[in-house]
Structure formats: structure tokens, C-alpha cells
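> Curious how this folds, go ahead:
(chains A, B, C and D)
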Number of protein chains: 2
Amino acid sequence: MTSSVSQPQSEKERPLGFQEHDHARCVDQALSAVEERCVEAGLRFTPVRRKVLELLLHEHRALGAYAILDLLRDAGFGSQPPVAYRALDFLLENGFVHKIERLNAFVACTHPGESHSPAFMICRLCDAVAEAHSTQAKSALGEAAQATGFQIERTSVEAEGVCPTCADKADT
Amino acid sequence: MTSSVSQPQSEKERPLGFQEHDHARCVDQALSAVEERCVEAGLRFTPVRRKVLELLLHEHRALGAYAILDLLRDAGFGSQPPVAYRALDFLLENGFVHKIERLNAFVACTHPGESHSPAFMICRLCDAVAEAHSTQAKSALGEAAQATGFQIERTSVEAEGVCPTCADKADT
DNA sequence: ACCCTCATGTGATCTTATAACATTAACGGC
DNA sequence: GCCGTTAATGTTATAAGATCACATGAGGGT
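A predicted model of the protein is given here:
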């Protein structure tokens, strides 16, 4: 799922993230990983929560809360905003999804389980979102923070630009 | 105005940013600097635009668009959302203010004129916002971007935490 | 069975942002 | 100085995002 630090291996589609991959498999893997972590941590991975994560993994891009809500409704769940927001809150709190502030939208985490301060690359043309491992961004601000005595609790790092796929299209 | 990389020099108040400073003066300076840049660049620094910047400089913290709108109304300007948003768009485009995505709010730029990719520290207790010079955050993501072929155009780096002033209060 | 807690369903409301269109002000060519 | 073009503003309406408040239901422990 949109792993971010290597060259594209196939040119055939690269449809949603920046890279081709076995999507059905990556969805299943991620769901299992999260399920396992919930059991370990005594968290309730309820049907709505599972469904929301599944939808985000399946779509493999950032979705707004109301887009998620529509899909939930189609799947027979409640259709009022809090249904989606509550599931998202749970998933956010536990690091299974991230919020893309720039888009007011949500993406499934690319590497759940690992503790990390995420950084994102967002394509302004197709809205694809890739998550990068970024320990560094934190430390970049860390210096300034230390100098002022500011205590950092969370960071959000987002880059907007053009993904390889869209750049290719533009060349044509 | 909330310059970010040095020790607090006075303990008497540190009211809005993380540091004490001659506020009236810093507002005037910033306004002049922006005015000058607009003349140079052939930009129209109209009354609404000036007023919005002035308000942000004066308040010296992140304000929501509707808070700005209220202040505009008080000052005799139009009172419909587009009035504020359009002025903000202008100021954003030209780097005179920044948007804090996390708060859906806007702050006056701390060092207009210098080209920079801003990074912010946001106090979750008092909403004070400090802007740090950060060339590094860009480069942190830059590596991942280069590896995938992603072309970065803009970055947004925000850290949420507790500012020195609020931390002091908590200790008491 | 009971209680307590957490999760869900639902309606209403609030905040943030934009679309669309009319009106007015500034700017350049002549 | 007049006129056409362009950019800025005013105003109405509405879209999009997020939360509040309160009722109902499902699990877990005793």
C-alpha cells in the first residue's frame, strides 16, 4: 500500500498510491494486523470500526468523513455523521488511520503497529496520498522547540505536489 | 512577534506568542514591510486586505475566518464570508499569512519577505502559535519524495503541544 | 438478573468554506 | 478624458465538515 521509498516496479497502472501492488492482499494483511493489535490491547474492533478501516484500505486514498458515511450507509450501517466520526476517532486514537489536515480527509495507516510520526505526500491532481516514515520532521522542529521550551506532543507533516503518475500524464 | 529561536527575555507577561516583545512596534513594522513588498510586486494592498492583516498582527494568534469576519464587520467592512476568505486568499498566496490546518485558522507571517516553508508550534491549551524557520522539514520529506518521484510544491509542518507559558502555569 | 460501561442510532445544530452573480473601482490604450 | 478590460467587492445562497445532546442497545463482571 503506497509504500513510499522505492522505485515503481510496474508501469501498468499505479492507480491509487504511487506504486503498483497486490491490493487485495495488502488490505487483508492490514486488517489482520489491526485485528491482532486490538486483541492484544483489549480494544473493541467492532463492525463499524472494521468497516471504516476496510473502506479506507480498499479505496486506498484519502476519503472525507461524508464519503465514508455514504459507503457506510450502502453497507447497511447508520448514516448520521457521528457514526463515521466516532469510528474515525477510534481509529485515529489508535493510529490505524491518519487525518490529512490539508484535505479534511482520512487515510488508512500504511504501517500500523509501528509507532511513528507520519508524514504525507499529497498529489494535488489525483489526491493520492503516500505515507512516508519520517522521524526526521519531528527533529527538524525539535530544535526550535527546545530553544523556546515548547513541548511537542504530536506533529503533522504534509507535502502537497504532483505524484509520479500524474507527472507522467502531464508529459504526454 | 513570536520569534522562535531564543530564550524568553522577560518573564512579565509573554501573553500571546511565547515571548514578550514590543507589540505595537512589531505590528507597524510588519505592515510596512508588507506594504513595501506589495508596491514592489505590483500587488494591490487594498483596505480589506490591509485590515485583515492588521487584525491578525494585532491579535497575534491564529484566528478563524469567522472571527476575522466579525472584526471586519465591527470595522465597517462587508460581513459575508467571502469578504474574509478573499482577503485571506490574497494574503496566503503572497505569503503574508499562513493557514494553520490543524485549527482551520490563520496567522500573520512572522517574517514576511523571506521565502520560507513555514513550520508551526501550536499550544493546545492557549492556541498560541509560533512560527519557526524550517528549511529542514522540507528536506526530511525531500528524501522520500525523491525516491518516489514525487514533486513537492508546498509543505505544511505543524507541531501540537504545550507552550512555555502554559507549562509554567501547569506547574503552579 | 442486575448494573455499569461503552458503543451505536438519530436529530439538530454549529462551524468552515465555496459557488454564483451583480456591482463597483482601478488601469491601460487611445 | 473616455472606454473597454480586468480585478476587487458586496451579497445571497448553499455546500461541506464536525459536534452536541439524548435515547437505545450490546457486553462484561458480579
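
> if I pick A:N104, what's in contact with it?
Residues in contact with A:N104 (CB atoms under 8 Å, 6 or more residues apart in numbering or on different chains) are A:64-65. Backbone N, C-alpha and C define where each C-beta goes, glycine included.

> let me fix that: A:F120
Shown in contact with A:F120 (CB under 8 Å, 6+ apart): A:98, A:100, A:107, A:129-132, A:157-159.

> need the residues you listed in a markdown table with secondary structure, can you?
Listed next are those as a markdown table, based on DSSP: H, G, I helix; E, B strand; the rest coil:
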| residue | secondary structure |
| --- | --- |
| A:H98 | strand |
| A:I100 | strand |
| A:V107 | strand |
| A:V129 | strand |
| A:A130 | strand |
| A:E131 | strand |
| A:A132 | strand |
| A:V157 | strand |
| A:E158 | strand |
| A:A159 | strand |
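
> From the residues you listed, pick the one nearest DNA strand C.
A:I100 (13.5 Å; CB to the nearest atom of the strand).

> Spit out the contact partners of the closest one.
A:62, A:106-107, A:120, A:122, A:129, A:158.

> if I look at it, how far off is A:G161?
According to CB to CB, to the nearest Å, A:I100 and A:G161 sit 14 Å apart.

> What ranges does chain A have for its helices?
A:23-41, A:47-59, A:65-74, A:81-93, A:136-148, A:164-171 (DSSP state H).

> least reliable of the ones you listed going by mean pLDDT?
Mean pLDDT per stretch puts helix A:136-148 lowest among these, at a mean of 67.

> how far away is A:L69 from DNA strand D?
Distance, A:L69 to DNA strand D, using CB to the nearest atom of the strand, to the nearest Å: 9 Å.

> Next one: that residue relative to DNA strand C, how far apart?
From A:L69 over to DNA strand C (counting by CB to the nearest atom of the strand), the distance is 10 Å.

> Which entry within the contacts of A:F120 corresponds to the minimum pLDDT?
The weakest per-residue confidence within these falls on A:A132 (82).

> hang on, the earlier thing: switch the helices of chain A over to CSV; also include mean neighbour count.
Below are the helices of chain A laid out as CSV (neighbours: other CB atoms under 10 Å in any protein chain shown):
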stretch, mean neighbour count
helix A:23-41, 15
helix A:47-59, 20
helix A:65-74, 17
helix A:81-93, 17
helix A:136-148, 20
helix A:164-171, 14
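
> looking at those, which is closest to B:R50?
helix A:136-148 (29.7 Å; CB to CB).

> Spatially nearest residue to A:P81, not counting backbone neighbours?
Closest residue to A:P81 apart from its sequence neighbours, by CB to CB, 6 or more residues apart in numbering or on different chains: A:L69 at 6.3 Å.

> was I right about that neighbour contacting A:A84?
Yes - with contact defined as CB atoms under 8 Å, A:L69 and A:A84 form a contacting pair (4.3 Å).

> Just grab the bridge partners of A:A105 for me.
A:I100 (DSSP bridges).

> measure it to chain B for me?
12 Å (CB to the nearest CB, to the nearest Å).

> residue contacts, that residue?
Contact partners of A:A105, counting by CB under 8 Å, 6+ apart, are A:62-65, A:67, A:99, A:127.

> and the closest residue to A:V48 other than its chain neighbours, what does it touch?
Distance criterion CB to CB, 6+ apart; nearest residue to A:V48, sequence neighbours excluded, is A:A87 at 4.8 Å. Neighbouring residues of A:A87 by CB under 8 Å, 6+ apart: A:48-49, A:51-52.

> Please convert these to CSV, extending it with distance to A:A147.
Shown next, in CSV, are those (distance: CB to CB, whole Å):
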residue, distance to A:A147
A:V48, 44
A:R49, 41
A:K51, 45
A:V52, 40
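
> how much space is there between the residue nearest to the spatial centre of chain A and chain B?
Among the residues of chain A, the one closest to the centroid is A:V107, at 2.8 Å (CA atoms, centre = their mean). Using CB to the nearest CB, A:V107 is found at 15 Å from chain B.

> pretty sure that residue is touching A:L92, no?
No - taking contacts as CB under 8 Å, A:V107 lies outside contact range of A:L92: 10.8 Å.

> Residues in contact with both of these two, list them for me.
Taking CB under 8 Å, 6+ apart as the criterion, A:V107 and A:L92 both touch A:H98.

> how about the residues of chain A that lie near DNA strand D?
A:64-67, A:80-82, A:85, A:104-105 (CB under 7 Å from any atom of the strand).

> and which of these is nearest to B:R25?
Set against B:R25, the nearest of the residues of chain A next to DNA strand D by CB to CB is A:N104 (37.4 Å).

> if I look at that closest one, how far off is B:L31?
Using CB to CB, A:N104 is found at 32 Å from B:L31.

> ditto for A:P118
For A:P118, the distance to B:L31 equals 37 Å [CB to CB].

> what does A:Q151 give?
Counting by CB to CB - A:Q151 and B:L31 are separated by 32 Å.

> Same check on A:H133?
In terms of CB to CB, A:H133 sits 42 Å off from B:L31.

> Check A:E35 too.
56 Å.
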